[in-house]
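A.B. asks: dropping the sequence and predicted coords here.
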Amino acid sequence: MKRQIAEAGPLSAGSVVKKLAELFPGAVLMRLPVEITPLRTAGAGVKESTLIEFGTANEALFASKLPLEFAERVKIENSDGSLKAEASVVAVHLELGRRAVAVRFSEKIPNWIIR
């Protein structure tokens, strides 16, 4: 049985994700809908729909309601399959009950962010 976590959307211009993005030089503002699956629970069907709000050549930053922890591995996929990657949590920022997560891709993602 598939378990879906509530959708975590963008918060606001002063969002917790934006504050986390300040720690990542070169982070680019974006709005990419994705599904996050923690690999430790992949068989349990725990997933979350969210938006990647910022990205760098190697990282993606998003709001999350999942209890993700530092070094935890996740799978990130978008609906058309053009993004399908594994990543590790490199930063978590909590503020007023909201959680921002930064993950670093395990491998280089072709055509991810072109500068």
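C.D. replies: Yes, it's here.
A.B. asks: surely residue 98 is in contact with residue 20?
C.D. replies: No. Counting by C-beta atoms under 8 Å, residue 98 stays clear of residue 20, with 10.5 Å between them. Any C-beta I mention is one placed from the backbone N, CA and C, and that applies to glycine too.
A.B. asks: from what I can see residue 51 touches residue 29, true?
C.D. replies: No. At 11.1 Å, residue 51 and residue 29 do not qualify as touching, with contact defined as C-beta under 8 Å.
A.B. asks: out of these two, which sits in the busier spot?
C.D. replies: With neighbours defined as other C-beta atoms under 10 Å, residue 51 and residue 29 compare such that residue 51 has more, 16 against 10.
A.B. asks: tell me the SS of the more buried one?
C.D. replies: At residue 51, secondary structure determined by DSSP: H, G, I helix; E, B strand; the rest coil is strand.
A.B. asks: residue closest to the middle of the protein?
C.D. replies: residue 62 (4.1 Å; C-alpha atoms, centre = their mean).
A.B. asks: need the contact list for that one.
C.D. replies: By C-beta atoms under 8 Å, 6 or more residues apart in numbering, the residues touching residue 62 are 8, 17, 34, 36, 50-53, 100-101.
A.B. asks: now do the helices in the protein.
C.D. replies: 16-21 (DSSP state H).
A.B. asks: any low-confidence regions in it?
C.D. replies: Scanning the chain for pLDDT under 70 picks out the ranges 1-14, 42-43, 114-115.
A.B. asks: of the contacts of residue 62, buried ones?
C.D. replies: 8, 17, 34, 36, 50-53, 100-101 (16 or more other C-beta atoms under 10 Å).
A.B. asks: burial count for residue 16?
C.D. replies: 21.
A.B. asks: how far away is it from residue 108?
C.D. replies: To residue 108, residue 16 is 28 Å away according to C-beta to C-beta, to the nearest Å.
A.B. asks: next, give me the two most distant ones among the contacts of residue 62.
C.D. replies: 34 and 100 (14.6 Å; C-beta to C-beta).
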